[in-house]
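Novice: What shape does this take:
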Amino acid sequence: MGLAGLYSTVFAPELFVLEATALLVAYEWRARDWSERALAVRLGAVLAGWTLAFAVYAGGPSLVAGGVPGGDDFYASVGLIVGFGLIWLAWTRQNLDSVGPEYCLLLVATSVVHAVVVPLWDVSSHVLYAAVPVVYLATVDRRFAALLVVPGAMVWSRVATGAHTSLESVAGLALGVVLVAGALAVSRNRGTARRRTGQSQ
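Specialist: Here you go, the predicted structure:
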């Protein structure tokens, strides 16, 4: 398999997104002093969402006759949309002080964009799904910036394995950064609008 292939496997999107999400939950549990019950509900939602996402990814091809544009990447995107939609629903019902729901919507938006782009151009999904969670986590707490090595090394890995060209890999990284920047801009604008509404009342 080689080092590059091993790296791509260890940090594959279906595993890394789950790990990054669990890391965000653990961080907020400690930082926001949630109860253990809140933590259990949070992690339960992550496991349920990931199980649903994997079921869609694995079972989708058998349910749809003929191929679809994007192949496995399309089913992976749909699975993540459904899975993180479920996680978002569970997390918002908890009504905790958390950036978690925003993170879920970012992953849903990423997956929608991925499903649209991949049939047109084979942007690296490994790089994209390594970049989005890590860049977002780094905006939550700068100590997570050390994890930026993961998407950076994934660019090398995908090229070294021959899975993608340099341009496709770098494009995955750039797209991830743009998506996180867009999500943060929307969040800031909504926060500003809420403050203005509160001040006018």
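Novice: quick one: the helices in the chain?
Specialist: 2-10, 13-32, 36-63, 72-94, 100-117, 125-140, 149-160, 166-200 (DSSP state H).
Novice: With mean pLDDT as added columns, please give these in CSV.
Specialist: Listed next are those as CSV, based on pLDDT from 0 to 100:
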stretch, mean pLDDT
helix 2-10, 92
helix 13-32, 94
helix 36-63, 89
helix 72-94, 92
helix 100-117, 95
helix 125-140, 97
helix 149-160, 97
helix 166-200, 83
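Novice: any chance of those in a markdown table, plus mean neighbour count?
Specialist: Yep, even glycine has a C-beta here, placed from its N, CA and C like the rest. Shown next, in a markdown table, are the helices of the chain (neighbours: other Cβ atoms under 10 Å):
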| stretch | mean neighbour count |
| --- | --- |
| helix 2-10 | 15 |
| helix 13-32 | 18 |
| helix 36-63 | 16 |
| helix 72-94 | 21 |
| helix 100-117 | 21 |
| helix 125-140 | 25 |
| helix 149-160 | 20 |
| helix 166-200 | 14 |
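Novice: R42 and W91 touch, don't they?
Specialist: Yes. Using Cβ atoms under 8 Å, R42 is in contact with W91, at 6.7 Å.
Novice: which residues do these two both contact?
Specialist: Jointly contacting R42 and W91 under the rule Cβ atoms under 8 Å, 6 or more residues apart in numbering are G100.
Novice: Spit out the contact partners of A26.
Specialist: Neighbours of A26 in contact, by Cβ under 8 Å, 6+ apart: none.
Novice: Could you check how far it is from L89?
Specialist: As judged by Cβ to Cβ, to the nearest Å, A26 and L89 stand 21 Å apart.
Novice: V112 too?
Specialist: V112 is 17 Å from L89, by Cβ to Cβ.
Novice: and if you look at E102?
Specialist: With Cβ to Cβ as the criterion, E102 and L89 are 14 Å apart.
Novice: do L80 as well
Specialist: L80 is 15 Å from L89, by Cβ to Cβ.
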